[in-house]
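> missing the sequence, but the structure's below:
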Ligand SMILES: [Ca+2]
Ligand SMILES: [Ca+2]
Ligand SMILES: [Ca+2]
């Protein structure tokens, strides 16, 4: 079996990170409703810098206390062509919205090594603490998985998604806001360019198929390989 494993390893594709979900908040206008639809490579965005999967942000933040405002360039995806509007989601009345969240569902089947990143800009009384939790049952229950505090100015936030989320079709990722201290109407927290990156879990069947295909110079070699595998299994 050791020989077969070495052969297989040679054909495993390099584990490049793939942009699975991307929110750039660009399909919106200043003061209007934020663009909570993910930007995707295919329809309707046809954005080369978009994600593979379409999904939508939902929130329990007080209606009327958030909208679309000037965005951030930090953490824009490579190849994002949808940048001219330069919009982001902006939150006000932070003190009255501590404990609220934004979240999105994603089908993480075949994905592992996932990382959630986004740009945030917080003024003095915005949400200085932002926490990450995830659900593997479609949002029924959440598990805390990280938190950052003392956020001020424009910063990149990075959360590693725990391995328990790998390959989960009913994955939901949530960012919860806290430490907000303003009751005013000025903008206190901006969120932009949310990326969920991951690597594709190699499918054993595909790897074996590729191996047979690559060795398929002639029927004889293929039969030799099958016989070899059978011998090793026996
Ligand atoms: Ca943006
Ligand atoms: Ca969009
Ligand atoms: Ca778009």
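Here it is on my side, so go on. Please read all numbers here as calculations on a predicted model, not as lab measurements. Ligands and ions are numbered 1, 2, ... in the order given.

> chain center to stretch 76-95, what's the gap?
Relative to its chain's centre, stretch 76-95 lies at 16 Å (Cα atoms, centre = their mean, to the nearest Å).

> Nearest residue to residue 133 in space, please, no chain neighbours.
With sequence-adjacent residues excluded and distances taken as Cβ to Cβ, 6 or more residues apart in numbering, residue 133 is closest to residue 142, at 4.2 Å. C-beta here means a position set from N, CA and C on the backbone, and glycine is covered the same way.

> and that neighbour, how many neighbours does it have?
18 (other Cβ atoms under 10 Å).

> That one is in contact with residue 175, isn't it?
No. Between residue 142 and residue 175 there is no contact under Cβ atoms under 8 Å: 11.3 Å.

> can you list the residues of this protein near ligand 2?
Contacts of the chain with ligand 2, taken as Cβ under 5 Å from the ion, map to 27, 35, 37, 39.

> Of these, which is the most crowded?
Highest neighbour count within those: residue 39, with 26 neighbours (other Cβ under 10 Å).

> In contact with it, which residues?
22, 23, 24, 26, 27, 45, 47, 49, 50, 51, 80, 82 (Cβ atoms under 8 Å, 6 or more residues apart in numbering).

> Within reach of ligand 1, which of those residues are there?
Answer for the contacts of residue 39 near ligand 1 (Cβ under 5 Å from the ion): residue 24.

> dump the residue contacts of residue 165.
108, 114, 134, 136, 171.

> among these, which two are most distant?
Largest separation among those by Cβ to Cβ: 114 and 136, giving 12.2 Å.

> Could I get the full set of strands for this structure?
18-23, 58-59, 66-70, 87-91, 101-106, 111-122, 129-135, 143-148, 153-160, 171-178, 189-200 (DSSP state E).

> distance of residue 91 from ligand 3?
Going from residue 91 to ligand 3 by Cβ to the ion, to the nearest Å gives 21 Å.

> What about that residue, how many residues nearby?
Applying other Cβ under 10 Å, we find 27 residues neighbouring residue 91.

> Roughly how far does residue 113 sit from residue 203?
Distance, residue 113 to residue 203, by Cβ to Cβ, to the nearest Å: 16 Å.

> Tell me which of the two has more neighbours.
residue 113 (16 against 11).

> Find me the pLDDT at the more buried one, would you?
Each residue has a pLDDT score; the one for residue 113 is 96.

> is it true that it touches residue 18?
No. Counting by Cβ under 8 Å, residue 113 does not reach residue 18; the two are 9.9 Å apart.

> which residues are common contacts for these two?
The contact sets of residue 113 and residue 18 overlap at 198, 199 (Cβ under 8 Å, 6+ apart).

> what's the residue nearest in space to the middle of the chain in contact with, if anything?
Centroid-nearest residue in the chain: residue 196, 1.4 Å away (criterion: Cα atoms, centre = their mean). Contact partners of residue 196, counting by Cβ under 8 Å, 6+ apart, are 19, 20, 21, 22, 51, 106, 114, 115, 116, 161, 173.
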